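[1] below is the sequence, then the predicted model.
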Amino acid sequence: MNDVVLFEERATADGHRLGIATLNAERSLNALTLPMIRLLHQTLQRWNDDPGIVAVLLKGAGEKAFCAGGDVRALREALLADPQERWPNPDAVAFFSEEYALDHALHCWRKPVVVWGSGIVMGGGLGLLVGCSHRVVTPTTRIAMPEITIGLYPDVAGSWFLQRMPARLGLFLGLTGAPLNAHDALIANLADHVLPADALAVVVDGLLAASWSGDVPHHHSMVRQLLNTLECANDSLLPESPVSRNLIAIHQLMNRGSLESVAHALAHTAFEDPWMAQAARTFAEGCPMSAAVTWEIWRRVRHMSLADVLRMELVLSVNFCAGPDFREGVRALLVDKDRQPKWSVTTLANIDNETVGRHFRSPWSHSEHPLANLA
């Protein structure tokens with residue numbers, strides 16, 4: 001299983017080393033599995049402690065995707081195979097706790113981490129991308145947090161980074177799963193640079209040719225300058241931004257005060273923009289419980305730290321895994337592919353505060369929480 005992530009160390013011109021990690025599951029669009037998570041986390045820890053490693057490049061195999069998300073099909077199979085229906089399910093605890101610990105490590109990593117976010121970047125892939133210090137996207141990038149379509153919610157620190165977008169855009173994306181392109185990613189604070197899709201080799205050559213003298217802050221500045229120079233030489237790459245042309249409408253839509261009011265507006269507005277119209281359809285067809293919990297997350301997390309958010313998300317994730325909607329959503333979208341999920345609750349009107357609140361009830365005490373050591 002060691003080949004599910006490929007690791008390479010290449011010598012720089014001045015005698016240091018660049019670490020290169022490649023998610024190597026091209027057929028599944030580099031969907032994250034637990035072995036991939038563990039290998040990546042272990043190697044990043046080793047590289048962080050190695051003074052000879054000055055920076056890391058993280059990418060996916062192939063041209064179609066950086067990472068299409070977590071391997072939720074395998075997780076669903078593990079849940080169905082548990083005859084005792086344990087709570088919390090140990091497979092869910094292992095997958096989500098180790099995934100979130102990796103996401104946290106990337107957010108806190110001291111050295112530069114350049115992520116090549118070309119192609120599809122969804123769910124768990126976005127969790128990796130957002131945590132990196134230098135986030136590169138391309139004209140082929142397609143970003144989304146479509147968890148409402150599988151009976152989940154925007155996790156992998158989505159509760160934290162969606163809050164940090166302008167004009168309540170993050171809440172809109174969490175409720176609708178609307179896709180973003182490279183231009184949108186800049187506006188949404190999900191990317192730092194847009195480069196041509198065929199420029200990866202140029203980036204690697206630039207990192208290898210750079211002088212890595214000085215301290216870590218200098219290294220970050222140097223990488224940023226390198227990427228900015230390449231970006232400015234290709235400043236005609238940006239596609240038209242659906243987010244830009246709809247940002248005020250999104251702001252007004254999401255400020256209606258209640259989820260029921262937002263749902264009514266999404267259902268009864270004749271959107272002329274096809275991007276907004278598709279977002280409204282996805283919300284209407286999505287899991288009502290996911291929408292209700294996503295709305296409550298938004299209310300709760302405004303002043304929470306990244307570590308506290310990830311601890312909260314682990315609780316939410318194991319509770320979603322204990323219910324029927326996640327298994328049904330994955331079945332309908334990815335297994336049977338009939339796109340006809342039968343949600344446990346069909347309308348928001350049938351969801352009360354107590355039901356939503358149960359998703360936030362932890363099976364652990366604070367000291368026993370698997371992510372208790374995150375700071």
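    Arrived safely, thanks for sending. Residues are numbered from 1 along each chain as shown.
[2] contacts, neighbours, all on C-alpha from now
    Will do.
[3] ok, now which ones touch residue 34?
    Residue 34 makes contacts with 94, 95, 98, 99, as judged by Cα atoms under 8 Å, 6 or more residues apart in numbering.
[4] and the residues you listed, which is closest to residue 133?
    residue 99 (18.0 Å; Cα to Cα).
[5] tell me the mean pLDDT over the one helix or strand the closest one maps to?
    Assigned by DSSP states H and E, residue 99 belongs to helix 90-108. The pLDDT scores in helix 90-108 average 98.
[6] can you pull out the helices in the stretch 151-300 of the chain?
    158-161, 169-176, 182-187, 200-209, 216-232, 242-254, 259-268, 274-285, 288-300 (DSSP state H, counting those that start in this stretch).
[7] save those as JSON lines, and put in mean neighbour count and distance to residue 63 too.
    Shown next, in JSON lines, are those (neighbours: other Cα atoms under 10 Å; distance: least, Cα to Cα, whole Å):
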{"stretch": "helix 158-161", "mean neighbour count": "23", "distance to residue 63": "25"}
{"stretch": "helix 169-176", "mean neighbour count": "25", "distance to residue 63": "25"}
{"stretch": "helix 182-187", "mean neighbour count": "22", "distance to residue 63": "15"}
{"stretch": "helix 200-209", "mean neighbour count": "16", "distance to residue 63": "11"}
{"stretch": "helix 216-232", "mean neighbour count": "16", "distance to residue 63": "20"}
{"stretch": "helix 242-254", "mean neighbour count": "16", "distance to residue 63": "24"}
{"stretch": "helix 259-268", "mean neighbour count": "16", "distance to residue 63": "35"}
{"stretch": "helix 274-285", "mean neighbour count": "18", "distance to residue 63": "25"}
{"stretch": "helix 288-300", "mean neighbour count": "20", "distance to residue 63": "31"}
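[8] touching, residue 14 and residue 54? I think so.
    No. Using Cα atoms under 8 Å, residue 14 is not in contact with residue 54; the gap is 11.1 Å.
[9] hang on, the earlier thing: compare the contacts of residue 34 and tell me which is most surrounded.
    The most crowded member of the contacts of residue 34, judged by other Cα atoms under 10 Å, is residue 99 (26 neighbours).
[10] grab the nearest non-local neighbour of that residue.
    Excluding its sequence neighbours, the residue lying closest to residue 99 (Cα to Cα, 6 or more residues apart in numbering) is residue 37, at 6.1 Å.
[11] give the buried residues for stretch 36-46.
    Neighbour counts using 16 or more other Cα atoms under 10 Å place 36, 37, 38, 39, 40, 41, 44 of stretch 36-46 among the buried residues.
[12] got it, and stretch 134-151?
    Neighbour-count burial for stretch 134-151 flags 134-151 (criterion: 16+ other Cα under 10 Å).
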